[in-house]
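Novice: what follows is a predicted structure for the sequence shown.
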Amino acid sequence: MNRNTADKEALLEKVLRSFEAYYNIDRETPTEPFDAEASFGMHDEQYFLMKSARISQSDSSEYVFFRLLDHLDPQAFRELDKKAWETTLSRVDLSGSHKSTDACLVIIADTVDPEAAREVRKTDHYKSYRLGLKGWSTCRMIVYECQTGRSCCNRRGEDLSKLFQA
């Protein structure tokens, strides 16, 4: 194992620790080709005076996919993006009180091709179910370049930059 690989793995461990409080982390059997996966689920109910007088309820979930790479080129980014989005959409359960099922992609690479960084910035996934009455799905993403310490993200993923701040 070279130094860059050890640095990326240490950074991944740091990022995973920040998710551990609220997410279920899967390092053993993540979806291929990802190195780790995290999932979050939330159920919310509102009721009037007693629980039998329920006003509303909603279910939200998010799936986070982590990948370590030596070099991120546009083709590799498109493949990872497609796999994360399709996997998330396959897990949507519209029965009951679905509100949202979101995807999040975190890529840590030694180097990032400038064209791949441009694709990350312009990527925006959104899908509504039954005109939004049954909820929606979105995708946040961030790519961190170890060599320069820079990151790039899509519009929805701007809050993810906090993960890589010292």
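Specialist: Looks like it arrived, so ask away.

Novice: which strand residues bridge the residue nearest to residue 153 when sequence neighbours are not counted?
Specialist: Leaving aside its sequence neighbours, residue 153 sits nearest to residue 142 (CB to CB, 6 or more residues apart in numbering; 4.1 Å). Heads up, the C-betas are built off the backbone N, CA and C, glycines and all. Residue 142 has these beta-bridge partners by DSSP bridges: residue 106, residue 153.

Novice: hang on, residue 142 packs against residue 161?
Specialist: Yes. With contacts counted by CB atoms under 8 Å, residue 142 reaches residue 161, the gap being 6.6 Å.

Novice: tell me which of those two has more neighbours.
Specialist: Each of residue 142 and residue 161 has its neighbours counted (other CB atoms under 10 Å); residue 142 has more, 23 against 13.

Novice: bridged to the closest residue to residue 102 other than its chain neighbours, which residues?
Specialist: Distance criterion CB to CB, 6+ apart; nearest residue to residue 102, sequence neighbours excluded, is residue 62 at 4.4 Å. For residue 62, the beta-bridge partners under DSSP bridges are residue 40, residue 102.

Novice: next, count neighbours for residue 62.
Specialist: Residues lying near residue 62 (other CB under 10 Å) number 20.

Novice: overlap in contacts, residue 142 and residue 161.
Specialist: Jointly contacting residue 142 and residue 161 under the rule CB atoms under 8 Å, 6 or more residues apart in numbering are 151, 153.

Novice: related to what we said a few turns ago, ok, the residue nearest to residue 153 - contacts?
Specialist: 105-107, 120, 151-153, 157, 160-161, 163-164.

Novice: secondary structure element for the residue most central in space within the chain?
Specialist: The chain has residue 104 as the residue nearest its centroid, 1.3 Å off, counting by CA atoms, centre = their mean. Using DSSP states H and E, residue 104 sits in strand 98-112.

Novice: great, nothing more from me.
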